[in-house]
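Engineer: Quick one, what's the 3D model for this:
(chains A and B)
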Amino acid sequence: MKTREMATGQDEGNGTPASSGRSFAENQRLDREPNPLKATARDVCVFYGEKQALFDVNLDVEDRSVTALIGPSGCGKSTFLRCLNRMNDTIAGTRVTGRIELDGRDIYEPGLDVVELRARVGMVFQKPNPFPKSIFDNVAYGARIHGLAGDKSDLEEIVSTSLQKASLWNEVKDRLHEPGTGLSGGQQQRLCIARAIAVSPELILMDEPASALDPIATAKIEELIDELKENYCIVIVTHSMQQAARVSQRTAFFHLGNLVEVGPTEQIFTNPQDQRTLDYITGRFG
Amino acid sequence: MAGYAFLAIAVLSIVAYFIGQSAGRRFQAQVGREVHSLPVYHGAFVAVWVGIPALILVLLWLLLQGMVINQLLLASLPDDMTNGVSSARLSLLLSEIHNVAAGRIFTEPSPAIVEAAERYAVWERIARWAMLVVGLSAAIVALFVARSRLAPRFRARNGFELFVSGLMIACSVAAILVTIGIVASLVFEAMRFFAIVPPTEFFFGLNWEPQMPIRADQVAGAGAFGAIPIFVGTLLIAFIAMLVATPIGLFAAIYLVEYADSRVRNVVKPLLEILAGIPTVVYGFFAVLTVAPAVREAGSAMGIAVSPNSALAAGGVMGIMILPFISSLSDDALKAVPRAMRDGALALGATRAETMMQVLLPAALPGIVGGILLAASRAIGETMIVVMAAGLMATLTLNPLDSVTTVTVQIVTLLIGDTEFDSPKTLAAFALGLVLFVVTLSLNIVALKIVQRYRESYE
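Structural biologist: Residues are numbered from 1 along each chain as shown, chains lettered A, B, ... in the order given. Coordinates of the predicted model:
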């Protein structure tokens, strides 16, 4: 709790995007209390056809915090992320073994409704992918298909709160019925975040959400992630180690399909236990 | 003789190529890398110079030779045979001379004609030899000119490039000219038709009986050229075809893109493409021999009178014919929707059907509509199936169980049998053709515009 208060205080003091990521030490203090676990992965292996992409991954995800997955390209971090909402199911020939629990329930058990799971686990992709619909309809889409809104005013309420949470409201409130594809890249990505939030997910997965954006839009997204972690559990895949350091509380380093090391972000970046992690964060490969 | 001329020019061009190439090699040996172009280009440059001008010269010669000789022949005939005679008569006279010269004698020719025929034979022989000589000397002169231009720094490569682009321009101009020619012939013949039958009657008349007598001894109707029943019949059959093809094609595409696993897709897609490869005449007898009797029997079993060549049978079979069109164009349109769009919807917890109906279909809609319009223009212009399976009588009806006729069927029947190229019966075919052309062209343009705009938005 102490960390969070400090963090909020810092945020109010500095509104500018560049300084919004707080200083390293404040954000990733080792002595902060761990949150309860949201998701746990045990011995997770993923196969694409004959090829094994992930080897026995064991990872705990804390609630109301940001977990960053880092590692060189092709290390399996996105594959692991996509296991958490079973998006890997949509790729033919993919097989997942092991056990992934969300709030204590196995998400790969046979009777589970994938559609319902994905309503609980939101996802934001690398490239902004708004639907070719209006801004309003983009955000309202999930609420509509899941029947979250009783009537029109409910729906409007959901759309406006989601856009506010995604810090996009002020920019689009006068043009909600223009197409979402007409926004700038950074705005589109925040629209996609609003779209994910509108379904009230418990866990939000972000697959390199800022890699297609310019530095200013990236700073806005990072600021947003920081705010969102007050209410949501977030897992983010990122290529940028600075980004992981700025936004996450825990960091997991993947290499060649193995989870090499996981721990508080400060520890991973200042005192890694594994030689491979050290080599990666000091830029010797990747 | 023309054949020998072409052969000689070809041989000379090949020889010229090797002369140019060896010159290029010599330059390389002399100055090494300083040579501007490769020996191949030196060769090609000389070959083009030798071949093309000579070829054009010979072609022009062939085109003009006949005309010049004919003029000379007419001038050499006794005055009383040519003075004040109509041009039709003159051309008859000329063809008689040609026939006599070729030994095809039908009636005893007059001495003047026989004399002319002898002159004709002599002149023709001279002309042919002259053509060969002129063509070859042009080629040889060109060979020396081109060879003298070759030098180590000569830009043979660029010169050949110029020729290649010129060749491409010539080909595309030829295609455009042919199109313009076809359109012009349609337009002019249609204008002659509209000079006889007023456009108001053609476009708004309800009665179509074009089989009017073209000889005095024929018994036929007076002729009526109101095309509305034909237009309605065409649209009725095309509509039935679209009614069959659109849902089946679209749903097949959706199934193949979104639901089928790769094994099913690998079997079903080629099968659908086989449908596109069936000749339309085969569809035609499928319609006549199988579908039409089946429809008729089904009708009589239910106590409904069905015409033996009902619009339903023809339209239904036509629908099967254009089905692969719609399914493959829809397939392309759906596949062109970025995968991210689908992932986005699925990740929000949409089912596959919801993703398809609410995200993928709207995103692909312009492409699908474009495909449907292309298929519609195809259905309207389709000939063989309807010639075999649709009726000939122009009945004004919307009943799919009745027999109707289409624009294409009428064009075929109007131009079959006794025709005379200034009777409205024959000219009507051109007017119908023009209407058909305008309709399918505009459908194609609209469809391509839609497809194009849609492509731009995702690339």
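
Engineer: which bits of the stretch 51-200 of chain A sit near chain B?
Structural biologist: By the rule C-beta under 8 Å from any C-beta of the partner chain, the part of the stretch 51-200 of chain A lying against chain B is A:85, A:87, A:90, A:92, A:115-120, A:122-123, A:125, A:127, A:129-133, A:141-142, A:145-146, A:181, A:192, A:195-196, A:199. For every residue, glycine as well, the C-beta is placed using N, CA and C.

Engineer: Give the ChimeraX command for selecting the buried subset of these.
Structural biologist: Buried residues within these, by 16 or more other C-beta atoms under 10 Å in any protein chain shown, are selected in ChimeraX with:
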select /A:85,87,90,115,117,118,119,120,122,123,125,127,129,130,131,132,133,141,142,145,146,181,192,195,196,199
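
Engineer: Out of the residues of the stretch 51-200 of chain A next to chain B, list just those in helices.
Structural biologist: A:Val115, A:Glu116, A:Leu117, A:Arg118, A:Ala119, A:Arg120, A:Tyr141, A:Gly142, A:Ile145, A:Cys192, A:Arg195, A:Ala196 (DSSP state H).

Engineer: who touches the second one in this structure?
Structural biologist: With contacts defined as C-beta atoms under 8 Å, 6 or more residues apart in numbering or on different chains, the neighbours of A:Glu116 are B:Gly349.

Engineer: What separation do you get for it and B:Phe27?
Structural biologist: 78 Å (C-beta to C-beta, to the nearest Å).

Engineer: for stretch A:226-239, which positions count as buried?
Structural biologist: For stretch A:226-239, the neighbour count (16+ other C-beta under 10 Å) marks A:Asp226, A:Glu227, A:Leu228, A:Lys229, A:Tyr232, A:Cys233, A:Ile234, A:Val235, A:Ile236, A:Val237, A:Thr238, A:His239 as buried.

Engineer: where does the fifth one sit relative to A:Leu213, distance-wise?
Structural biologist: Shown here: A:Tyr232 relative to A:Leu213, a distance of 20 Å by C-beta to C-beta.

Engineer: part of a strand, is A:Val262?
Structural biologist: Yes: judged by DSSP: H, G, I helix; E, B strand; the rest coil, A:Val262 forms part of a strand.

Engineer: bridging residues for it?
Structural biologist: With DSSP bridges as the criterion, A:Val262 is bridged to A:Ala252.

Engineer: OK, contacts around it?
Structural biologist: A:Leu59, A:Asp60, A:Arg250, A:Thr251, A:Ala252, A:Phe253, A:Ile268.

Engineer: In the helix or strand harbouring the first one, which residues are buried?
Structural biologist: Under DSSP states H and E, the secondary-structure element containing A:Leu59 is strand A:51-62. Of the residues in strand A:51-62, those buried under the neighbour-count criterion (16+ other C-beta under 10 Å) are A:Ala53, A:Leu54, A:Val57, A:Leu59, A:Asp60, A:Val61, A:Glu62.

Engineer: what helices or strands is the lowest-mean-pLDDT helix or strand in chain B leaning on?
Structural biologist: Least confident helix or strand of chain B, by mean pLDDT, DSSP states H and E, is helix B:79-82 with a mean of 74. Using 3 or more C-beta pairs under 8 Å, 6 or more residues apart in numbering or on different chains; DSSP states H and E, the elements in contact with helix B:79-82 are helix B:87-101.

Engineer: Tell me where the stretch 101-250 of chain A has strands.
Structural biologist: With DSSP state E, counting those that start in this stretch as the criterion, the stretch 101-250 of chain A has strands at A:105-106, A:121-124, A:203-207, A:233-237, A:250-255.

Engineer: would you list those strands in a markdown table and tack on mean pLDDT and distance to B:Trp123?
Structural biologist: Converted to a markdown table, the strands of the stretch 101-250 of chain A look like this (pLDDT from 0 to 100; distance: least, C-beta to C-beta, whole Å):
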| stretch | mean pLDDT | distance to B:Trp123 |
| --- | --- | --- |
| strand A:105-106 | 90 | 100 |
| strand A:121-124 | 93 | 87 |
| strand A:203-207 | 94 | 85 |
| strand A:233-237 | 94 | 89 |
| strand A:250-255 | 93 | 92 |
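
Engineer: so where's the chain uncertain?
Structural biologist: In the absence of a named chain, this looks at chain A. Residue ranges of chain A with pLDDT under 70: A:1-32, A:286.

Engineer: please go with chain B instead
Structural biologist: In chain B, residues with pLDDT under 70: B:1, B:213-222, B:454-459.
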